[in-house]
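S.K.: Below are the sequence and a predicted model for it; my questions follow.
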Amino acid sequence: MFRVGRRGRGAGCRPSSAPPPQSQSERLRAVSFDSQSKNSSMDENVDEPPTSAILLDSCHFSQVIFTNVEKYYMPGGDVICYYTLTKNITPRRKDWVGIFRVGWKTTREYYTFMWAPLPSSLDSDAVLQQEVQFKAYYLPKDDEYYQFCYVDQDGVVRGASVPFQFRAEAEDDILVVTTQGEVEEIEQQNKDLLKENQQLKESCKSLQKQNMDLQEKLRKAQEKMKQLEGEVCFLQTESLKLQSALDQQAAELTAVQIDLASIKEKNMDLGKENQELRSDLDSLRGSSEKLELELNSLGEKNRHLKEQNACRDAELHQLKEQSQSISSEKEQLGNRLKTTLDQMDQLQSQVLSQEKEIENLARMDRDKTEQLEHLEKEKQQLHITLVEQKEHTEKLEHALENSNATEANTFLRLQHVQFQSQDLTKELEEKNHLFQILQRKKNELDEENQLLKQENSDLLRRLSALPDYSSFAAASPMYVQVPPEDAGLVFGNPYASPKTSAENMSSLKKCPWCIASFPEDIEESQYAVHVRSHLLECPICSQTFEESNKQVYEDHLFCHDLE
């Protein structure tokens, strides 16, 4: 069975070359691509028309009406598009008219476009007739179905034309002869197409919903992008501030490094000065030890002098008793003259020894005075050194305060220098105290020396008051070696005639240190050996001292040791 009918080529027919229906995933990818490429495409080329990813269901196709649209346009010729602007649209400078292949999804799929001219009159109540001409060079060369679309500057479609083709117009009516099987097949295809159409509608609804969700996400993403842009601007500002602070810190670090190098140099100088102070301290300690030894020696001498003073007091007391005995026994002077002369001889020898001791004490006094003057000079030098050390310490403290350094090592060294300065101050105070002690001891020795001189003067005055003192003073230096017959008398026979005594004395050589007398014909070397036996000679300066003044001799040697 055959069915004869007419199949036209109108807009309602689906051309064989129409694009196949897209799946849901492909449509989602297309929508995502269009939404992502919208802003980038407009920034890359300002001559391209504004587009958007809005789906067809959200467009208003009735605001712009295309008129006089042909079914076919001849290839190779220009095409004039006529359209009418209704009162529901306000034309703007970036509105455009594009040619789209049937089946397009977004405005990014245009084939070619022309900018829509602005009408001469912008009366919103009037219906405006507009036209735009497409050059043949930019028109499609295939026979696919296309349509005109009016897109505003927001990328939203405001109107669309009926489909048309670019080909030569053919015979409109064609005799179609089909069999019953072909009809059933076509009906089955129609059912499948209807079913597929229903599925596509459902998919379209789902895609529209997804698109709305994506639009909402896009809006949120844009808002978040704006927020992030604000944060980026804030972070850039903070970054500039941090960079400036970093540069400032780098400059401060450089200054601190310079200060640190200066402090290290000062520390080296302090180390050298500390070493010098240590050497000075060692020398001061050596001087202190010598002073302590000298002090001990002076204490020992003082004790010895006190013992000698006690002995002299005892002797003076004995002399007083003897003087009283002599005064009470004046009448028995003849019988007791031997004893009295013996006592006078002893007194004279004591007076001589005391005079020598007084001379030695005077010499010791001069030595102690020189030592005290030397100590005074050392004290002044130590005081000057201490003042200089304090001034230098104050300068170091001032320099350390100006450097604002937090170096703990430098502070400890400064404390160490301060401690050393305090130790030097203490040592100076100890030297001052030692000097005062030595001064007091010198004063005491001077007083004792004066007392001894006073006692010696009193003793001489008492001796001069005794009877026969002048004859005794004349005879006392001449100690004679009595002949054997007068060996029992120390000073010879007082009753011998002066002539005999004079003869004996003129024929004898006397020792200046003892009572021994020698014959006139004695050898000079023997006499010199005897005299030298009473003397002590210094091995350094060859100065001689009496054997009885051994303590003075030892003090003299000690002074050489101090030098």
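M.R.: Received it, and whenever you're ready, just let me know what you need.
S.K.: Extract the residue ranges of the stretch 401-550 of the chain that are flagged as low pLDDT.
M.R.: Applying pLDDT under 70 to the stretch 401-550 of the chain picks out residues 403-411, 413, 463-508.
S.K.: And the helices in it?
M.R.: Remark: helices assigned in the stretch 401-550 of the chain by DSSP state H, counting those that start in this stretch are 408-465, 469-475, 498-506, 524-532, 550-562.
S.K.: so what secondary structure elements neighbour the last one?
M.R.: In other words, helix 550-562. helix 180-328, helix 333-403, strand 544-546 (3 or more C-beta pairs under 8 Å, 6 or more residues apart in numbering; DSSP states H and E). Placement of C-beta: from N, CA and C, glycine included.
S.K.: before we move on, the earlier item: mind putting the helices of the stretch 401-550 of the chain in JSON lines, distance to residue 195 included?
M.R.: As requested, the helices of the stretch 401-550 of the chain are arranged in JSON lines below (distance: least, C-beta to C-beta, whole Å):
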{"stretch": "helix 408-465", "distance to residue 195": "91"}
{"stretch": "helix 469-475", "distance to residue 195": "174"}
{"stretch": "helix 498-506", "distance to residue 195": "181"}
{"stretch": "helix 524-532", "distance to residue 195": "160"}
{"stretch": "helix 550-562", "distance to residue 195": "135"}
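S.K.: Which one of the ones you listed lies nearest to residue 514?
M.R.: Ranking those by proximity to residue 514 (C-beta to C-beta) places helix 524-532 first, at 8.5 Å.
S.K.: Give me the three-state assignment for residue 76.
M.R.: Secondary structure assignment for residue 76 (DSSP: H, G, I helix; E, B strand; the rest coil): coil.
S.K.: Was I right to think it contacts residue 136?
M.R.: Yes: using C-beta atoms under 8 Å, residue 76 is in contact with residue 136, at 5.4 Å.
S.K.: gap between residue 110 and residue 168?
M.R.: From residue 110 across to residue 168, the span is 25 Å (C-beta to C-beta, to the nearest Å).
S.K.: just residue 349 next, same as before
M.R.: Noted for residue 349: a distance of 176 Å to residue 168, by C-beta to C-beta.
S.K.: returning to what we had before: can the helices and strands packed on helix 550-562 go into CSV with extra columns for distance to residue 48?
M.R.: Below are the helices and strands packed on helix 550-562 laid out as CSV (distance: least, C-beta to C-beta, whole Å):
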stretch, distance to residue 48
helix 180-328, 20
helix 333-403, 68
strand 544-546, 131
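S.K.: mind putting those in a markdown table, distance to residue 62 and mean neighbour count included?
M.R.: Shown next, in a markdown table, are the helices and strands packed on helix 550-562 (distance: least, C-beta to C-beta, whole Å; neighbours: other C-beta atoms under 10 Å):
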| stretch | distance to residue 62 | mean neighbour count |
| --- | --- | --- |
| helix 180-328 | 19 | 13 |
| helix 333-403 | 86 | 15 |
| strand 544-546 | 149 | 16 |
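S.K.: Just the element for residue 97, please.
M.R.: strand 96-101 (DSSP states H and E).
S.K.: elements contacting that strand?
M.R.: On a contact count with 3+ C-beta pairs under 8 Å, 6+ apart, strand 96-101 meets strand 110-115, strand 145-151.
S.K.: Any regions of the stretch 201-350 of the chain where pLDDT drops low?
M.R.: 326-327, 330, 333-334, 336-337, 340-341.
S.K.: measure the residue lying closest to residue 277 once chain neighbours are set aside to residue 379 for me?
M.R.: Closest residue to residue 277 apart from its sequence neighbours, by C-beta to C-beta, 6 or more residues apart in numbering: residue 420 at 5.5 Å. Plainly put, residue 420 is 19 Å away from residue 379 if you go by C-beta to C-beta.
S.K.: How about residue 262?
M.R.: Counting by C-beta to C-beta, the gap from residue 262 to residue 379 is 37 Å.
S.K.: all strands of the stretch 1-150 of the chain, in order?
M.R.: Using DSSP state E, counting those that start in this stretch, the strands of the stretch 1-150 of the chain run over residues 2-6, 64-67, 72-73, 79-85, 96-101, 110-115, 128-134, 145-151.
S.K.: Next, format the ones you listed as CSV and append mean pLDDT and mean neighbour count.
M.R.: Supplementary listing: these in CSV, determined by pLDDT from 0 to 100; neighbours: other C-beta atoms under 10 Å:
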stretch, mean pLDDT, mean neighbour count
strand 2-6, 39, 10
strand 64-67, 94, 18
strand 72-73, 94, 18
strand 79-85, 95, 18
strand 96-101, 96, 22
strand 110-115, 96, 16
strand 128-134, 93, 15
strand 145-151, 96, 23
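S.K.: any chance of the ones you listed in JSON lines, plus distance to residue 242?
M.R.: Formatted as JSON lines, the strands of the stretch 1-150 of the chain follow (distance: least, C-beta to C-beta, whole Å):
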{"stretch": "strand 2-6", "distance to residue 242": "80"}
{"stretch": "strand 64-67", "distance to residue 242": "55"}
{"stretch": "strand 72-73", "distance to residue 242": "65"}
{"stretch": "strand 79-85", "distance to residue 242": "56"}
{"stretch": "strand 96-101", "distance to residue 242": "48"}
{"stretch": "strand 110-115", "distance to residue 242": "48"}
{"stretch": "strand 128-134", "distance to residue 242": "56"}
{"stretch": "strand 145-151", "distance to residue 242": "47"}
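S.K.: which one of those strands lies closest to residue 121?
M.R.: Across the strands of the stretch 1-150 of the chain, the minimum distance to residue 121, taken as C-beta to C-beta, is reached by strand 128-134, at 7.2 Å.
S.K.: Give the partner strands of that closest one in its sheet and their orientations.
M.R.: Counting by DSSP bridges, the strands paired with strand 128-134 are strand 79-85 (antiparallel).
S.K.: The strand holding residue 97 pairs with which strands, and in what direction?
M.R.: When DSSP bridges is applied, strand 96-101 pairs with strand 110-115 (antiparallel), strand 145-151 (antiparallel).
S.K.: any idea what sits nearest residue 86, other than its immediate chain neighbours?
M.R.: Nearest non-adjacent residue to residue 86 (C-beta to C-beta, 6+ apart): residue 63, at 5.5 Å.
S.K.: try residue 427
M.R.: Excluding the flanking residues, the one nearest residue 427 by C-beta to C-beta, 6+ apart is residue 284, at 5.8 Å.
S.K.: I figured the one you found was touching residue 382, is that so?
M.R.: Yes: here residue 284 reaches residue 382: they are 7.3 Å apart, a contact under C-beta under 8 Å.
S.K.: Find the residues that touch each one of these two.
M.R.: 424, 427 (C-beta atoms under 8 Å, 6 or more residues apart in numbering).
S.K.: one step back: can the strands paired with strand 96-101 go into JSON lines with extra columns for distance to residue 460?
M.R.: Output for the strands paired with strand 96-101, formatted as JSON lines (distance: least, C-beta to C-beta, whole Å):
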{"stretch": "strand 110-115", "distance to residue 460": "151"}
{"stretch": "strand 145-151", "distance to residue 460": "152"}
